[in-house]
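Build me a model from this:
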Amino acid sequence: MNTIRVPAGQTANMTLSDGTNIWLNARSTLMFPSVFTGNKREIILDGEGFFDVAHDPQKPFTVYTNEFKILSLGTQFNVEAYSHEAGFTGSLFNGSIRITSIKDTSQTIVLQPNTLARLHESQLFTETITDFNHYRWREGLISFKDIPFTDLLVKFEKCYGVRIIVLNNGVKNYAPTGKFRHSDGIDYALRVLQRDFRFQFERDEEDHTIYIK
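Numbers count the residues shown, from 1 in each chain. Below is the predicted model:
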């Protein structure tokens, strides 16, 4: 198995031997064979990836995460499943995928285009995708619209590999809209956001923590 690891603040694009195109988000790891053999195509993802799967009905394509497996014959979908976090989201854009819990195979969902499955309290729930900004990470962007500031900070944590602690409860009422390039860096992003809402931030370089005050 080959392994690709994407550093914080970066994305990666690759094409597998079968023609499947994959984008990997920051701090993601993908394991895959050099060549698919037999009657199936299987890879392992830890992190977030966007998959444009080459159609081959004779060889189903399966993405394994820490808790789920996602089966596809040929389609476009996004998977967000970092092993160090409790959450999981599978989003479908074209075709059809089946998401099954590895620990409880009775828990399975088949998605239709423009819907997503999200893990909440150990159960999968489906909903319609209403905001496609999140998926612009493939363009090297952190794009957001009327998002709670604390949720945006979670995105920053994932992208830049830092821990962010909020000490200013006032920022919880802040819901910014905008976009930043991954390459801008988190300090630049926070300084821009300070123009719209008053807060301070302090970085502890030793333990990679940022405090919002």
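
What's opposite the nearest residue to D187 once chain neighbours are set aside in the beta bridge?
Of all residues beyond its chain neighbours, the one nearest D187 is R203 (7.4 Å), with distances taken as CB to CB, 6 or more residues apart in numbering. For the C-beta atoms, the positions are set from N, CA and C on the backbone; glycine is no exception. On the basis of DSSP bridges, R203 is bridged to I210.

what sits against R203?
R203 makes contacts with 187, 209-211, as judged by CB atoms under 8 Å, 6 or more residues apart in numbering.

make it 10 Å
Shown in contact with R203 (CB atoms under 10 Å, 6 or more residues apart in numbering): 162, 164, 186-187, 190, 209-211.

Neighbour-wise, which one of those residues leads?
I186 (23 neighbours; other CB atoms under 10 Å).

doesn't I210 make contact with that one?
Yes: proximity of I186 to I210 meets the contact threshold set by CB atoms under 10 Å, at 7.1 Å.

Residues that sit against both of these two, list them.
The contact lists of I186 and I210 share 153, 156-157, 160, 162, 164, 201, 203, where a contact means CB under 10 Å, 6+ apart.

Reformat the contacts of R203 as TSV; add pLDDT and distance to V35.
Formatted as TSV, the contacts of R203 follow (pLDDT from 0 to 100; distance: CB to CB, whole Å):
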residue	pLDDT	distance to V35
V162	88	38
I164	92	42
I186	91	39
D187	92	43
L190	93	45
T209	91	43
I210	93	43
Y211	93	48
